[in-house]
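Enquirer: Output the structure for:
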Amino acid sequence: MNLHFIAIGGSAMHNLAIALHLKGAQISGSDDLINDPSKSRLAAYGLLPEKFGWFPEKITSNIDAIILGMHAKKDNPELLKAQELGIKIYSYPEFLYEQSKNKTRVVIGGSHGKTTITSMILHVLNYHEITVDYMVGAQLEGFETMVHLTAENEFIVLEGDEYLSSPIDSRPKFHLYKPNIALLSGIAWDHINVFPTFENYVSQFKVFTDSMVHGGIMVYNEADTTVKTVVESSENHIKKYPYQTPNHFIENGVTYLETSEGDLPLEVFGTHNLQNLAGAKWICQHMGIDEDDFYEAIASFSGASKRLEKIAENNTSVIFKDFAHSPSKVSATTKALKKQYENRTLFACLELHTYSSLNAAFLEEYRGALDAADKAVVFYSPDAVKIKKLDAVTSAQIAKAFQREDLIIYTNPQEFKAFLFAENLKNTALVLMSSGNYGGLDFEEVKQLVS
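Expert: The predicted model follows:
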């Protein structure tokens, strides 16, 4: 099969390109800019375009299908040429469904936790040498790529994102997978540029639940009242399996899970991660993994990349990096860290980086999100606001939104770095939360703060 990727350099797109190359497809692609790690990984497989840019002459009738990434625009010259020639155009999720129509599709959805839960499931399966196809939104230890596709595997495990499928397909990605087995971890308003009201956002999860194959299995977090309502009110003919926070305790900075086989020490912690684990256990059991085998494997799970990832530690201090940026994720992360390190100062830094978080109308959703932190800092770049063509956000608006009088606010990357590196981190748990990098902060340097 001859496939061409428009916007091949994206995190998801380049992984799919590699997976299809390994499966035997002929792959070509274009992008106007490709950065590492995508650049190096594409080059290693001979898939890196010779030149960056868009070249409509690459699009010929010899191409069987186009896979279109979100980074491309509707007027992309390669896309226009493909439409002119009548070549079949797939979005990323649409093509994944085509590759998995004859498999048992396991889809993990929710506003938060889906990457971690998918990672937990794949970790357990890998531990027991059970091979499945998969797509996950983070690079996992022990896995070569974030996407793996075969002809023979029975199951495919998919992280189900609610964002749009492509520039010409406004359906949320997870609406296209039609799962046999699914999970919903939580619902908290996000992506306001696409879903302008909470009700509109919630309705996407209703559609997802109703898109399941009749007779399918839905595992859901009943501790989240919105999820509980969405699933339990669905009239789709599916089996429903709720989960909640499992029994556990913390001792000497280690979280122990209470099981029928005894107390199990974990490498992850926090209420949200314990709920993630409970959901992952249900999914694994529906995939044929016994409870005891699940516990044996999950004990060694240390987390997905950038998800409450411990990057440095000494006898008195610890530093975490976390992808958290939406209000619910920020709140869950800070509460988890304070509970885990209750005798240390929790120093929480948050970068407002996404379209939603920099939107003045959305800021009030952050009220109380940093309350669990002993010291709280918010960083945002006025330049990022301009790039996203949003109305200017002031420090006063930030302070009012978080409802915290001692909140420290920075807008200059150099000043934030100077402040951070001048702090005494003795007896401190520091967490840096962002989907960005604080205007160019070198995390290798940050690690030296506790060396």
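Enquirer: buried stuff in stretch 64-77?
Expert: 65-72, 76-77 (16 or more other Cβ atoms under 10 Å). Just so you know, the C-beta spots here come from the backbone N, C-alpha and C atoms, and that holds for glycine as well.
Enquirer: Pull the contacting residues for the closest residue to Tyr92 other than its chain neighbours.
Expert: In this structure, Tyr92 finds its nearest non-sequential neighbour in Ala12, 5.8 Å apart by Cβ to Cβ, 6 or more residues apart in numbering. Contacts for Ala12 were tallied using Cβ atoms under 8 Å, 6 or more residues apart in numbering; they are 69, 92, 135, 137, 146-147.
Enquirer: Just list what the helix or strand harbouring Thr229 packs against, helices and strands only.
Expert: Here Thr229, judged by DSSP states H and E, is contained in helix 225-232. If you count contacts as 3 or more Cβ pairs under 8 Å, 6 or more residues apart in numbering; DSSP states H and E, helix 225-232 packs onto strand 181-184, helix 198-210, strand 217-221, strand 239-243.
Enquirer: For Glu415, which of the ones you listed is the nearest?
Expert: Nearest to Glu415, of all the helices and strands packed on helix 225-232, is helix 198-210, at 35.2 Å by Cβ to Cβ.
Enquirer: Just the CA atoms of the closest one, as PDB, please.
Expert: Presented in PDB, the C-alpha positions along helix 198-210 are these (Å, rounded to 0.1, in the frame of the first residue of the first chain):
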ATOM      1  CA  PHE A 198     -19.500  22.500  29.300                       C
ATOM      2  CA  GLU A 199     -22.700  20.900  28.100                       C
ATOM      3  CA  ASN A 200     -21.400  20.700  24.500                       C
ATOM      4  CA  TYR A 201     -18.200  19.100  25.800                       C
ATOM      5  CA  VAL A 202     -20.100  16.500  27.900                       C
ATOM      6  CA  SER A 203     -22.200  15.600  24.900                       C
ATOM      7  CA  GLN A 204     -19.100  14.300  23.100                       C
ATOM      8  CA  PHE A 205     -18.700  11.600  25.800                       C
ATOM      9  CA  LYS A 206     -22.400  10.700  25.400                       C
ATOM     10  CA  VAL A 207     -21.800  10.100  21.700                       C
ATOM     11  CA  PHE A 208     -18.700   8.100  22.500                       C
ATOM     12  CA  THR A 209     -20.700   5.800  24.900                       C
ATOM     13  CA  ASP A 210     -23.400   5.400  22.400                       C
END
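Enquirer: Report the buried residues of that helix.
Expert: 201-202, 204-205, 208-209.
Enquirer: Using CSV, lay out those together with distance to Val377 and pLDDT.
Expert: Below are these laid out as CSV (distance: Cβ to Cβ, whole Å; pLDDT from 0 to 100):
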residue, distance to Val377, pLDDT
Tyr201, 28, 94
Val202, 32, 96
Gln204, 33, 97
Phe205, 33, 97
Phe208, 36, 98
Thr209, 39, 98
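Enquirer: Show me which of those is closest to Glu365.
Expert: Closest to Glu365, out of all of these and judged by Cβ to Cβ, is Tyr201, at 11.7 Å.
Enquirer: show me the contacts for the closest one.
Expert: Counting by Cβ under 8 Å, 6+ apart, Tyr201 makes contact with 162, 187, 189-191, 195.
Enquirer: ok, of those, which one's closest to Lys39?
Expert: When these are compared for distance to Lys39 (Cβ to Cβ), His191 wins out at 27.3 Å.
Enquirer: Surely the closest one is within a helix?
Expert: No: assigned with DSSP: H, G, I helix; E, B strand; the rest coil, His191 falls outside any helix and is coil.
Enquirer: Tell me the residue in the chain that is farthest from the middle.
Expert: Distance from the centre of the chain peaks at Ser61, with 36.1 Å (Cα atoms, centre = their mean).
Enquirer: Pull up the gap between the closest residue to that residue other than its chain neighbours and Ala65, please.
Expert: Take Ser61 and drop its neighbours on the chain: the residue closest to it by Cβ to Cβ, 6+ apart is Leu85, 5.9 Å away. Distance, Leu85 to Ala65, by Cβ to Cβ, to the nearest Å: 12 Å.
Enquirer: on that earlier part again, now, the buried residues of stretch 64-77 that are in helices?
Expert: Using DSSP state H, the subset of the buried residues of stretch 64-77 located in helices is Pro77.
Enquirer: Would you mind measuring from the residue nearest to Tyr92 to Thr115?
Expert: 12 Å.
Enquirer: anything in contact with each of those two?
Expert: Common contact partners of Ala12 and Thr115 (Cβ under 8 Å, 6+ apart): Gly137.
Enquirer: now, which of the contacts of Tyr201 sits nearest Ala299?
Expert: The shortest gap between Ala299 and any of those belongs to Ile187, at 29.5 Å (Cβ to Cβ).
Enquirer: so that closest one sits in a helix?
Expert: No: using three-state DSSP, the secondary structure at Ile187 is coil, not a helix.
Enquirer: give me the number of residues near Pro265?
Expert: By other Cβ atoms under 10 Å, the residues close to Pro265 number 10.
Enquirer: now Gln285
Expert: Gln285 has 15 nearby residues by other Cβ under 10 Å.
Enquirer: State the next helix or strand along the chain beyond the helix or strand containing it.
Expert: If you go by DSSP H and E, Gln285 is part of helix 271-286. Next helix or strand after helix 271-286 toward the C-terminus (DSSP H and E): helix 291-298.
Enquirer: Distance from the chain centre to that following helix, please.
Expert: Remark: helix 291-298 is offset 24 Å from the chain centroid, using Cα atoms, centre = their mean, to the nearest Å.
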